[in-house]
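Visitor: turn this into a model:
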Amino acid sequence: MTSPTKVAVLLPGTGYTAQAPLLYWCGALLREAGWHVEVVEWTVTDEDIENPVPFVEYAVAAAFTAAPQATTRLIVAKSLGTFALPWAIENDVPGVWLTPILTDPAVSDALASANSAHLAVGGSRDPMWVPENAEGTDASLATLDDGDHRLEVDAGWQASLDAQYDLLERIAVHVAKLA
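Guide: Alright, predicted model coming up:
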């Protein structure tokens, strides 16, 4: 059996695991497209929250080490997981960044230097989604109107499901361009 040529690492948030809707469906669409999906699960301490970059960078590096060798790599991260952005830029690994913490300079500066292999998505009601902090980026940025930090909208579960479906279609198109 040959190793997959495409490996994606899913990085959760603090309370948003890979079983939560956006990450779950990202994993499903990646597997259907032939990617090996390596899911990170973590326990986050107060110390990790105070210094998130090394915590997340260690986790993403360990996940890629544990995964099969790949010619194409991808990170899909939610919230806390987006602290992997500096590592991704440094290691030339594309990413899908769901609700990146653009109020933190480590994340916003890395996104500002990102190329078109990156997609970042945030909600207009999410106080951490400040796209102007990543000015000059070549990454694709998408704002979900009325979306909160979970990328849900106030109009109810059906409207949230519809909005997330549209986001997942955009993610699928973005990922297809990488492969």
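
Visitor: tally of neighbours for D92?
Guide: Neighbour count of D92, defined by other Cβ atoms under 10 Å: 9. To be clear about C-beta, it is placed using only N, CA and C from the backbone, and glycine gets the same treatment.

Visitor: what's the distance between it and D154?
Guide: Using Cβ to Cβ, to the nearest Å, D92 is found at 39 Å from D154.

Visitor: repeat for S79
Guide: When S79 is compared with D154 (using Cβ to Cβ), they lie 19 Å apart.

Visitor: higher neighbour count, those two?
Guide: Taking neighbours as other Cβ under 10 Å, S79 and D154 compare with S79 leading, 21 against 10.

Visitor: give me the pLDDT for the spatially most central residue of the chain.
Guide: In the chain, the centroid-proximal residue (Cα atoms, centre = their mean) is A77; its distance is 2.5 Å. A77 is assigned a predicted lDDT (pLDDT) of 98.

Visitor: just P4 next, same as before
Guide: Looking at P4, its pLDDT is 63.

Visitor: and the strands in this protein?
Guide: Along the chain, counting by DSSP state E, strands occupy 6-11, 36-39, 72-78, 95-98, 118-123, 140-144.

Visitor: out of those, deepest packed?
Guide: Comparing those by mean neighbour count (mean count of other Cβ atoms under 10 Å), strand 95-98 ranks first with a mean of 29.
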